[in-house]
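Asks: need a structure here:
(2 chains, ligands or ions: 2)
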Amino acid sequence: MEKLNFILSGLGGQGILFMTKLLAQTALNRGLKIMAAETHGMAQRGGSVVSHLRIGDVAGSLVRAGSAHILLALDENEAYRSLPFLTGGGSLYVNAPARTLVRKQVLSYMNRMEMTCRFFPASETAMELGSPMAANLALLGFFAAFQDSPLPGHELGRTIEQASPDRFREINLKIFNRGFERGSAEREQTRGL
Amino acid sequence: MMHQDIFLGNGAIALGLLEAGCQVVTSYPGTPSSEILPEVVRLVRSEDLNTYVEWSTNEKVALDNAFAAAVSGKRAACCMKQVGLNVAADSLMSAAYMGTIGGLVIISCDDPGPHSSQTEQDTRLMARFAKVPVLDPCNPEEARQMAGLALDLSEEFQIPVVLRPAIRVCHARQALELREIPRNGRKASFQKEPVRWAATPKFRFLLHGELNRKLKEISRRFDSLALYNFHNLTSGRQYPLGILAGGVPYAVVKDILSEEKRDDIPVLKLGAPYPFPEKLAEDFLNACDRVLVIEETDTVIEYFLRNREKVLGRLSGHVPSEGELVPEMVYQVMDRVLRSLDLAGLKESGQGDAVELVKALNLPVRKPTLCPGCPHRASFFAIRKARPKAIFTSDIGCYTLGLNLGGVDTCLDMGAAITMASGFYHSFAQDQIDQPIVATIGDSTFYHSGAAGLLNAVYNDARFILVILDNQTTAMTGMQPTPGLGIRADASRGKAIPLERVVAGCGIDFIEVIDPYNIREMIQLIKKAGDYVKDPNGGIAVIIARHPCVIAYRDTAIPEKVKVTVTDACVECNFCLDRFECPALYKDETLGRTAVNQALCAQCGVCIQICPKGAIIAV
Ligand code: SF4
Ligand code: SF4
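Replies: Ligands and ions are numbered 1, 2, ... in the order given. As a prediction, this is how the structure comes out:
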C-alpha cells in the first residue's frame, strides 16, 4: 500500500474524532506513517464535522478534494456533502438504513465514477446494543470487514480495547464486533453474486 | 525503534516547549490554541517536571506574566489564538523594545477559513508590526522543533519570538518519536536596570535602534537557517517558474509536486519568514523567471519580494485573498499559473462534477446549535420573551449560538456585549429614545474583559440589563476552569472569585442570581430588572443566570431528569422548533406533529414550560 486517504464525516457529537484516533493509532501500531486533521471548536456543537486521515508518506494533513479513497460517514446527508472528496473508484461506507433511500443523482454519479457505496444502519445497531451514541464503532467494525480496510478487524479491536475508558470497554467492543459481523456477512454475500 | 506516540499539533508544541526547558507557560484558551496548555499539564505530570502553568484571565495578562519570567532569566511561553494577540498587542509592542534575558516565545495560532474566529488575520503581520521574529511550522513535528528554536533564538538575541502555527498544524495529528525531557533548573534573578525595564521615551529611542540591529542580524541568520529556510535549485540552471511557500501551504505544495512528479518546479520554503531572509529570496528570484507565492493567510512574503514584475500571488490576483488555501484550491492555482505560462499543467484532479451535484441536492445546512439541555437556551428564551423589542448585544462563546434563537444581535470582540450596550444606550439616549438593551456575556468572557467595560458603563451612567450566563466553565474552547471556580490549570486550588463580588466591585447595586431552567421566574426577574433600569435612581441591572454546562458537568448538571413527550395537543405551530430550537425536538412527518428524539434528549424538562398549547409534558 502506498498512500491511503480517508475522509470521516458526520455531525458534531457523533464521535468522528474518536473514530479518527482509532484508525490512526492502529495504523501506527502497524508501523505506518499517519497524518490527520480534525475539526474542533464551534462546529463540534452539532455542525458538520469532517476529519481527514492520511496513511503513508505525506507532508500535509488535508485530503485534497477528489483524492480520498475511503469515505466513512456517520450521517447520510453529510456523506453526500463530503462526496467531492472521493476519488474515482473510491468507496463510501455510510450509516444509513437502506440503499433504497439513496438519491438517484448520487447513485448515477457514483456509478459513473466507479465508486462503491455500502449502507449500514450503524445507529440502529448501536441502539440495539444499548449505546445509541456508539454508531461510530459499529460503522468502523462494518468497514473493517471489507478488503478496502488496510487495518484488520482484530487490530482495530485491540486499539478500541486500549483506548476505551474502563466502563465503556466491553460495550464498545461488542458494538464494534457486531458491525464487523454484519460487514463480514455482507462481504460473503456480495462475493457469492 | 524509538517509542512513538500520536500527538495533536498542539501537543507537539507542548512537547517541544518542555524539551527546550520551558519553565513557565501561560495561556488564555481559544480555538485553535486551547489544547497547548492542557498538554503541557499532562506532560509535566507524567514527566514529573516543575514547570509553572496558568490559565491567565486574558491574553495580555498571559503575555505580561510570561514576559516577567523571561526577564528574570527563565524560559517562558504564552499561548493564545490569533485574535488573542490583539488583546496582548500592547504588551508585545513594548516587550519587543525591551527584549528579554531568558527565552520568551509567544505562540499565536492562526485560523484561516475562518473556522472558529472573528477574523482571518495573519499573525506573521503582527510579528512584523511589533518587529519580532516569527516562525511558521508546516506540521506538528516541525512545530515541536520550532518551539525549541524559538526559545533558543529568543535567548541568544534577547528578543521575544513568535511561533505561528495555523489551525492545520494545531489540529493535525502526527506520530512523534519520544525522547527524554531534560529538567531545567535555572533560578530566577532580576537585575535592576531602569533604563531598560522602565525605559522613558528617550531610552525607548535607543532600544528601538538596538531592536533594529538585532533584526538585521537575525535576518542574516534566517538566510542560512537551512533546516527551515531552503530551496532545491540546481545551481546554474534557470527556471521558468518557482514556488515560494511557507507554513501549511508548503506541505500542500510539496505533496502536489511529488504526486505529479514535477521536479521542474523548484520550491523555496520559508519556515522563518521574518525578519525576511533577503539574500536567500534574492537568489531564488534570480534563478526563476516567475515566482508564485503561496502563503497563509495574508501577504507577508509577497510584500517583501522586491522585483514585483516576477511575482505572482495575492496582489496580482493569482491567489484568493480570503479563505483557507485548501489543497484543491492550491492545486487549481498552480494548474492555472502553469498553463498561463505555457508550461505543462497538472494532471486530472480526480474530482468529478461532485461539487455541482452536491449543490443541486440542496442538503440541509447543519448549523451548530446549543446542546440539548443547554442552560443558555433557557436564558435566551426568557430574555426574548421578557424584552422582545430590545437590542441584544452579546459576546464570544457557545452562547453566540443564541443567534439562532433571535437572542444575539451583535458580537464584536471579547467583552463587547457590555461596551456596545453602553454605546447603544448613549447613542439612543442622546436622541431621548428609550431603547431597551439586554447584554449577554459568559462567565469566562466576563472575567476576560467584561469588568473594564462594566466599570466604564456604571461610571458614565449607562442603562441596560446585563445577563451573565454563568455555566461555571469555558465551554466553547473545551471546558477550561474560570476564576469563579477557584480551580487552576493543573487542577490545584486557587482562590475562587465569585462573579457577584466582581460585579459589586464595579459599582452595581442590582445583582440577582437565578437558575435559568426556571423560565417563568427568569422572565419575572428580567421585567423587574427592566423597571430598575428605567428608574431615575436605578442603574445597570445585572442578572447572573447560573446553571452548569450540561457537557462539562454531565453527571450533575441536571439533578432531576424529566422524561418528556409531546401529546396530540400539538397543533404544529412550530413555535418550539423555531423559538426554542432544542436539537432533541423535531417534526415527525408520520405523526404529523413535533416529537422528542429520546436519544438526544438531555431530560432537562425545560421545554415543558415553553409550549403555548401545553403539548409537551412529563411522562
Ligand atoms: S457545551 Fe455547554 S455551554 Fe456549550 S452549548 Fe453545550 S451545554 Fe451549552
Ligand atoms: S427535555 Fe426538552 S428541552 Fe430538554 S433536552 Fe429534552 S427535548 Fe430538549
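Asks: and the residue of the stretch 101-250 of chain B nearest ligand 1?
Replies: The nearest approach of the stretch 101-250 of chain B to ligand 1 comes at B:Ser116, 13.2 Å away (C-beta to the nearest ligand atom). (C-beta placed from N, C-alpha, C; glycine too.)
Asks: Distance-wise, check that residue relative to ligand 2.
Replies: 25 Å (C-beta to the nearest ligand atom, to the nearest Å).
Asks: Count the residues that sit near B:Thr393.
Replies: Neighbourhood size, B:Thr393 [other C-beta atoms under 10 Å in any protein chain shown]: 27.
Asks: wait, it sits on B:Ser422?
Replies: No - contact status for B:Thr393 versus B:Ser422: not in contact, 9.3 Å apart, counting by C-beta atoms under 8 Å.
Asks: who in chain B is up against ligand 1?
Replies: B:Leu370, B:Cys371, B:Cys374, B:His376, B:Cys398, B:Asn471, B:Ala475, B:Cys549, B:Val550, B:Ile551 (C-beta under 6 Å from any ligand atom).
Asks: From these, which land in helices?
Replies: Using DSSP state H, B:His376 are the members of the residues of chain B next to ligand 1 that sit in helices.
Asks: Any chance of the residues of chain B next to ligand 1 in CSV with neighbour count as columns?
Replies: What follows is the residues of chain B next to ligand 1, written out as CSV (neighbours: other C-beta atoms under 10 Å in any protein chain shown):
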residue, neighbour count
B:Leu370, 25
B:Cys371, 26
B:Cys374, 30
B:His376, 27
B:Cys398, 24
B:Asn471, 29
B:Ala475, 26
B:Cys549, 25
B:Val550, 20
B:Ile551, 20
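Asks: Check the residues of chain B next to ligand 1 and tell me the two furthest apart.
Replies: The distance between the two most remote of the residues of chain B next to ligand 1 (C-beta to C-beta) is 11.8 Å, for B:His376 and B:Ile551.
Asks: State the distance from B:Tyr97 to chain A.
Replies: With distances taken as C-beta to the nearest C-beta, to the nearest Å, B:Tyr97 is found 34 Å from chain A.
Asks: can you pull the contacts of that residue?
Replies: B:Ala199, B:Arg204, B:Leu207, B:His208, B:Leu211 (C-beta atoms under 8 Å, 6 or more residues apart in numbering or on different chains).
Asks: Just the element for the residue of chain A found nearest ligand 2, please.
Replies: Nearest residue of chain A to ligand 2, counting by C-beta to the nearest ligand atom: A:Gly46, 12.6 Å away. Applying DSSP states H and E as the criterion places A:Gly46 outside every helix and strand.
Asks: what about it, how many neighbours?
Replies: Neighbours of A:Gly46 using other C-beta under 10 Å come to 21.
Asks: so it makes contact with B:Pro372?
Replies: No - counting by C-beta under 8 Å, A:Gly46 sits too far from B:Pro372 to count as a contact (9.3 Å).
Asks: Show me the common contact partners of these two, please.
Replies: In contact with both A:Gly46 and B:Pro372: B:Pro583, using C-beta under 8 Å, 6+ apart.
Asks: circling back: what's around the residue of the stretch 101-250 of chain B closest to ligand 1, how many residues?
Replies: 21.
Asks: Likewise for A:Gln147?
Replies: 7.
Asks: can you check B:Cys604 too?
Replies: B:Cys604: 25 neighbours (other C-beta under 10 Å).
Asks: before we move on, what about B:Ala344?
Replies: That count, for B:Ala344 with other C-beta under 10 Å as the rule, works out to 11.
Asks: From ligand 2, how far out is the closest residue to it other than its chain neighbours?
Replies: Excluding the flanking residues, the one nearest B:Ala344 by C-beta to C-beta, 6 or more residues apart in numbering or on different chains is B:Leu338, at 6.6 Å. To ligand 2, B:Leu338 is 54 Å away according to C-beta to the nearest ligand atom.
Asks: Residue nearest the middle of chain A, spatially speaking?
Replies: Most central in chain A under C-alpha atoms, centre = their mean is A:Leu72, positioned 3.1 Å from the mean C-alpha point.
Asks: Provide the secondary structure category for that residue.
Replies: With DSSP: H, G, I helix; E, B strand; the rest coil as the basis, A:Leu72 sits in strand.
Asks: now the end-to-end length of stretch B:571-583.
Replies: 19 Å (C-alpha to C-alpha, to the nearest Å).
Asks: Quick one: mean pLDDT for it?
Replies: In this model, stretch B:571-583 has an average pLDDT of 93.
Asks: do that stretch and ligand 2 meet?
Replies: Yes - remark: stretch B:571-583 sits within contact range of ligand 2 at B:Cys582, by C-beta under 6 Å from any ligand atom.
Asks: can you give me how far stretch B:564-571 is from the chain middle?
Replies: Remark: stretch B:564-571 is offset 42 Å from the chain centroid, using C-alpha atoms, centre = their mean, to the nearest Å.
Asks: my guess is the residue nearest to the centre of chain A contacts A:Leu139, does it?
Replies: Yes - counting by C-beta under 8 Å, A:Leu72 does reach A:Leu139; the two are 6.2 Å apart.
Asks: Check the contact lists of the two and give me the overlap.
Replies: Both A:Leu72 and A:Leu139 are contacted by A:Met19, A:Tyr93, under the criterion C-beta under 8 Å, 6+ apart.
Asks: Okay, and B:Asp292 sits in which element?
Replies: One correction, residue B:292 is Leu, not Asp. According to DSSP H and E, B:Leu292 maps onto strand B:288-294.
Asks: for that strand, which positions count as buried?
Replies: By 16 or more other C-beta atoms under 10 Å in any protein chain shown, the buried positions in strand B:288-294 come out as B:Cys288, B:Arg290, B:Val291, B:Leu292, B:Val293, B:Ile294.
Asks: From those residues, pick the one nearest ligand 2.
Replies: Closest to ligand 2, out of all of these and judged by C-beta to the nearest ligand atom, is B:Ile294, at 46.1 Å.
Asks: how close does that closest one get to A:Leu22?
Replies: Computed as C-beta to C-beta, to the nearest Å, the B:Ile294 to A:Leu22 distance reads 33 Å.
Asks: Quick one: distance of the longest strand seen in chain A to the chain centre.
Replies: If you go by DSSP state E, chain A has its longest strand at strand A:86-95. Relative to the chain's own centre, strand A:86-95 is displaced by 10 Å; criterion: C-alpha atoms, centre = their mean.
Asks: and the helix or strand of chain A with the lowest mean pLDDT, what does it pack onto?
Replies: Every helix and strand of chain A was ranked by mean pLDDT, DSSP states H and E. The lowest is helix A:104-112, at a mean of 88. In terms of contacts (3 or more C-beta pairs under 8 Å, 6 or more residues apart in numbering or on different chains; DSSP states H and E), helix A:104-112 is packed against strand A:116-120, helix B:354-361.
Asks: Quickly compare those and say which is most buried.
Replies: Most buried of the helices and strands packed on helix A:104-112 by mean neighbour count (mean count of other C-beta atoms under 10 Å in any protein chain shown) is strand A:116-120; its value is a mean of 20.
Asks: between that one and strand A:86-95, how big is the angle?
Replies: Angle of strand A:116-120 versus strand A:86-95, following axes from the mean of the first three to the mean of the last three C-alpha atoms, to 10 degrees, is 10 degrees.
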